[in-house]
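Colleague: Pasted the sequence and its predicted model underneath.
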Amino acid sequence: MNGECDFSALARDFVEDAGGHLDAVEECLLELERRASGGCDPELVTTIQGHLHTLKGNSGMMGLSPVQQYVHRLEEVMKELGAGLLPLGPAFFSALYGGVNALRFALSRFAESPDTGFDFTGEETALELLRSAPGPAAAPLASQPAPAAEFGYITRKSSTLKVDFEKLDELLNLMGELVVQRTALAAMEKRLREQVSDRELLSAFSETSQLIVKSTDDLRQSIMKVRMLPVKSVFQRFQRLVRDLSLAHGKRVRLMFEGEDTELDKTVLDEIGEPLLHLIRNAVDHGLETPAERRGCGKDECGTLTLRARHESNHIVIQVCDDGRGMDHEEIRGKAVARGVLEPEAARAMGEAELRQLVFLPGFSTRSEVTETSGRGIGLDVVKKIVTSLNGIIEIDSRGGRGTTFTMMLPLTLAIITALMVEVAGETYAVPLSGVLESVQVQAGDCHDTGNGEVIVLRDRVLPLYRLDRFFGREGEAQREQEYVVVVASGDKRGGLVVDRLVGQQEIVIKGLDDYLGELPGISGGTVLGDGRVSLIVDIPSILGT
Amino acid sequence: MLKKVLVVDDSEMIHKMYRLVLNRYECEILDAMNGQEALNLLDLHRDTGLILLDINMPVMNGVQFLEKAGALGITARVPVIIISTEGKESDTIRGLQLGAKGYVKKPFNPTLLHDLIGKLVLPSPAPPRFEERCCATL
């Protein structure tokens, strides 16, 4: 390293910083490629050079001379491009994108184990070839269809905002405890009203407690705001994917963003990368047609893929929208019958919206051929699973010949939820309110044992019952005349959770349970109550078996 | 002693590194991301004792900064060390002509920088005593 001064403490900062420069270079390259027909934009070339130059200097300071040397080579190529010595052709882009990928890969490896060496010989040879034989026919477009692993950076999760995210999480945790104590304060106020006769003292107390309520709310909102990032940071990562995929499939695709400045809590942002990846792959592979096919339908040869984001009441709405061929509902119907998913009778009676839901079944494909990147109807069941696990909803809208839109509705944050607190066998459990439809009180006699589990009939609908005390293997209270049933839903399944008592609604800060506890059926996490007791969060999907 | 050092570089990363390198002087470090910011900071901190200057920067580069700083009489008062990644050497030479007192190539060995800072800023060791000088000539 560098004499007496050890920069290894800065390794993480360096990798993060370098990633920023690489992202910027890639963004400029994409723009350069988009405008390539109009010639080489000198401003973009200068911007790229600037980022490479900084990266070179920093790598040198960190003592990573192989990186420094390789970036220097890239810088020289850019210089030659700027001077008009290199054609702005496919060979150039393929070499430069390759370089960016190689650096990304090398840096992520360096971040994990700083002692591993660097090897850019392959990439350097590619650059040498480019400089020695700069012919337009040097390399075909998208010469190396990127293996799936290369796109690992798309689902990667960034670990810092400007401060380490853990610190913000800690802040939120403390906030959660404050919220809980606030609830305790309210309960205390109620008791004081019953027992203390000094009105002046009482009103002073309640005024203070109201101020605390207000400040806690303000504080929580500010903390939540700090955790927000524009969704652009995730959207942006798909530019490259769409470019490479469309080239590999001989398609032309324009990727558009709408509402990319919409801010999302980082917990949500970290999770949407994967579902988006599947949906976008799916749209490019299956949704959008080849230029010839599009021309035949009188459409623009270049397909449009739009990523949209917006806030809607208490949700984040994210859409992936293509103007491709749309879903063939008859094909789905046929396939459902052929696969034995549906009886021919039932299939005929099904509406289009219901038919579309079938594509979320594991392994259900609407296209017969298998493609390298997305396989058969890839991942739509996976997408649904992820979205459901985030307490979200996914919907499809599709019109034959006009395109398909996937709409994901996700909660604003995954860190805090409103929960219905219930008591079961002496313990308090939290049921996420997002999954609760209603709570009802039913006569014990209305619960019927079908031999296949208990059910009740609620407004002409048969509702399976799940006794939480039995589910969690606890000794419940003796039979009562009246039962409290919390009606919950997940996906298209509904069920009733039988509990001893309803405690009330409360905002809780979710705390993950340690991995060493293993799989916990029916439990998705925990939270700390006002009196310091731990309450477990009921995992509705796993209880309903969705 | 060195009280304030102004670091002019467009990379945040480099600023973090200088904090480690300059740690030993226990001086205040001012960060500027380009020449213009540097001029603004110099106006506020007239007691700046040293400027570490990058050349390649947006908005106002190192050469432009030296031109302005020279006209304002800053280069005569405050020593400037150019610390720049290899690139256009002509810019560095131009910078030295414009009044920079030293040049270090990035990546640099901190020892080299410390030596240079020692020569330019810190009080030179007391002149050798008469007898010693005599001994030396003998």
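Modeller: Okay, I see it.
Colleague: Quick check: A:Lys299 touching A:Asp323?
Modeller: Yes. The criterion here is CB atoms under 8 Å, and A:Lys299 meets it with A:Asp323 at 7.2 Å. All C-beta spots, glycine's among them, are computed from the backbone N, C-alpha and C.
Colleague: Which one's more surrounded, the two?
Modeller: A:Asp323 (23 against 20; other CB atoms under 10 Å in any protein chain shown).
Colleague: With adjacent residues omitted, what lies nearest to that one?
Modeller: A:Gly403 (4.2 Å; CB to CB, 6 or more residues apart in numbering or on different chains).
Colleague: and what of B:Leu66?
Modeller: Closest to B:Leu66 by CB to CB, 6+ apart is B:Leu98, at 3.9 Å.
Colleague: what separates that neighbour from chain A, distance-wise?
Modeller: B:Leu98 is 21 Å from chain A, where distance means CB to the nearest CB, to the nearest Å.
Colleague: and that residue, backbone torsions?
Modeller: phi -80, psi 0 (degrees, to the nearest 10).
Colleague: B:Val63 is in contact with that one, correct?
Modeller: Yes. At 6.9 Å, B:Leu98 counts as touching B:Val63 under the criterion of CB under 8 Å.
Colleague: what's A:Ile417 in contact with, if anything?
Modeller: By CB atoms under 8 Å, 6 or more residues apart in numbering or on different chains, A:Ile417 lies in contact with A:391, A:411, A:432-434, A:507-508, A:510, A:537.
Colleague: repeat that for 6 Å
Modeller: A:Pro432 (CB atoms under 6 Å, 6 or more residues apart in numbering or on different chains).
Colleague: Name whatever forms a beta bridge with it.
Modeller: A:Ile508 (DSSP bridges).
Colleague: Which residue ranges make up each domain of chain A?
Modeller: A:8-141, A:165-227, A:230-411, A:416-544 (automatic domain parsing).
Colleague: List the residues that contact A:Leu52.
Modeller: A:71, A:74-75.
Colleague: can you confirm A:Leu513 is in a strand?
Modeller: No. Counting by DSSP: H, G, I helix; E, B strand; the rest coil, A:Leu513 is not found in a strand; it is coil.
Colleague: A helix includes A:Leu229, no?
Modeller: No. Looking at A:Leu229 with three-state DSSP, it is strand, so not inside a helix.
Colleague: what about it, distance to A:Gly512?
Modeller: 21 Å (CB to CB, to the nearest Å).
Colleague: higher neighbour count, these two?
Modeller: Neighbour count, other CB under 10 Å: between A:Leu229 and A:Gly512, A:Leu229 has more, with 17 against 8.
Colleague: give me every residue that touches the more buried one.
Modeller: So A:Leu229 contacts A:266, A:269 (CB under 6 Å, 6+ apart).
Colleague: hey, what's it bridged with?
Modeller: A:Leu264.
Colleague: where in the chain is pLDDT low?
Modeller: The chain I'm using is chain A. A:1-5, A:133-162, A:313-314, A:365-379, A:476-478, A:491, A:530-532, A:546 (pLDDT under 70).
Colleague: Sorry, I should have been clearer: chain B.
Modeller: In chain B, residues with pLDDT under 70: B:87, B:122-138.
Colleague: 80 instead, please
Modeller: For chain B, residues meeting the criterion pLDDT under 80 lie at B:1, B:85-89, B:107-109, B:121-138.
Colleague: Would you mind naming what in it lies close to chain A?
Modeller: Taking CB under 6 Å from any CB of the partner chain, the part of chain B that reaches chain A is made up of B:11, B:13, B:16-17, B:20-21, B:56, B:85, B:106-107, B:109-111.
Colleague: what's the most distant pair in the residues you listed?
Modeller: The distance between the two most remote of the residues of chain B next to chain A (CB to CB) is 24.3 Å, for B:Asn56 and B:Thr111.
Colleague: For B:Leu98 and B:Val63, indicate the residue with more neighbours.
Modeller: B:Val63 (22 against 19).
Colleague: what's near enough to touch that one?
Modeller: With CB under 6 Å, 6+ apart, B:Val63 has these contacts: B:91, B:94-95.
Colleague: Which PyMOL command selects the buried ones in those residues?
Modeller: This is the PyMOL syntax for the buried subset of the contacts of B:Val63, where burial follows 16 or more other CB atoms under 10 Å in any protein chain shown:
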select buried, chain B and resi 91+94+95
